[in-house]
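Asks: What follows is a predicted protein model with its sequence.
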Amino acid sequence: MTPLDPSGPARPLRVLMIDDSPLDLEFIRILISQVPGVRFSWASVGTLTSGLARIESANYDLLLLDLNLPDAAGMDGLAAVREVAPELPVVVISGSTDPHVERDVLACGGNAFVCKVGISVEGFTRTLNKVLGLGAPVQGV
């Protein structure tokens, strides 16, 4: 049974988040838990090295990746992820408000970019619908 299989009860989507900020990890965990109609199984690590090891040893449905980590900065982390998991859906999440970041993320193989500044459940749900094809209802639209 896959999470997107309409023939029966879906298993939780397996999500890995690589971010070194405990506050951001908790914020995104709470945000993702509010996406309507979808269950998530959550894991998190604080370094790219730990994240790559997790990706190589387990199957995830989605990676949430911060751009600035203790052992990687900018698009280097995304490039390293793409080397080990070219098909894994990756949403890059960053506090950067630079308008060029989204373009760079997409050019480097990311599936979407979400700015942590001003993010809402509705916006995050739209992003997950786009990246994973969830069809989760978006409130307030």
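Replies: Yep, that arrived. Numbering: from 1, shown residues only.
Asks: residue ranges of the strands in this structure, please?
Replies: 13-18, 40-45, 62-66, 68-69, 72-73, 90-94, 112-115 (DSSP state E).
Asks: Send over the first one as CSV, restricted to the C-alpha atoms.
Replies: What that stands for is strand 13-18. What follows is strand 13-18, C-alpha atoms only, in CSV (Å, rounded to 0.1, in the frame of the first residue of the first chain):
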residue,chain,number,x,y,z
LEU,A,13,4.0,9.6,4.2
ARG,A,14,7.6,9.2,5.4
VAL,A,15,9.2,12.6,5.7
LEU,A,16,12.8,13.4,6.6
MET,A,17,13.8,16.9,7.5
ILE,A,18,17.4,18.1,7.5
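Asks: re the thing from before, now the strands of the chain in CSV, with distance to Leu134 and mean pLDDT?
Replies: Just so you know, the C-beta spots here come from the backbone N, C-alpha and C atoms, and that holds for glycine as well. Output for those, formatted as CSV (distance: least, C-beta to C-beta, whole Å; pLDDT from 0 to 100):
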stretch, distance to Leu134, mean pLDDT
strand 13-18, 8, 95
strand 40-45, 11, 94
strand 62-66, 10, 96
strand 68-69, 27, 94
strand 72-73, 28, 90
strand 90-94, 12, 94
strand 112-115, 13, 93
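Asks: so can I have TSV of these showing mean neighbour count and distance to Val105?
Replies: Formatted as TSV, the strands of the chain follow (neighbours: other C-beta atoms under 10 Å; distance: least, C-beta to C-beta, whole Å):
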stretch	mean neighbour count	distance to Val105
strand 13-18	22	14
strand 40-45	16	20
strand 62-66	23	9
strand 68-69	18	13
strand 72-73	16	14
strand 90-94	24	5
strand 112-115	18	4
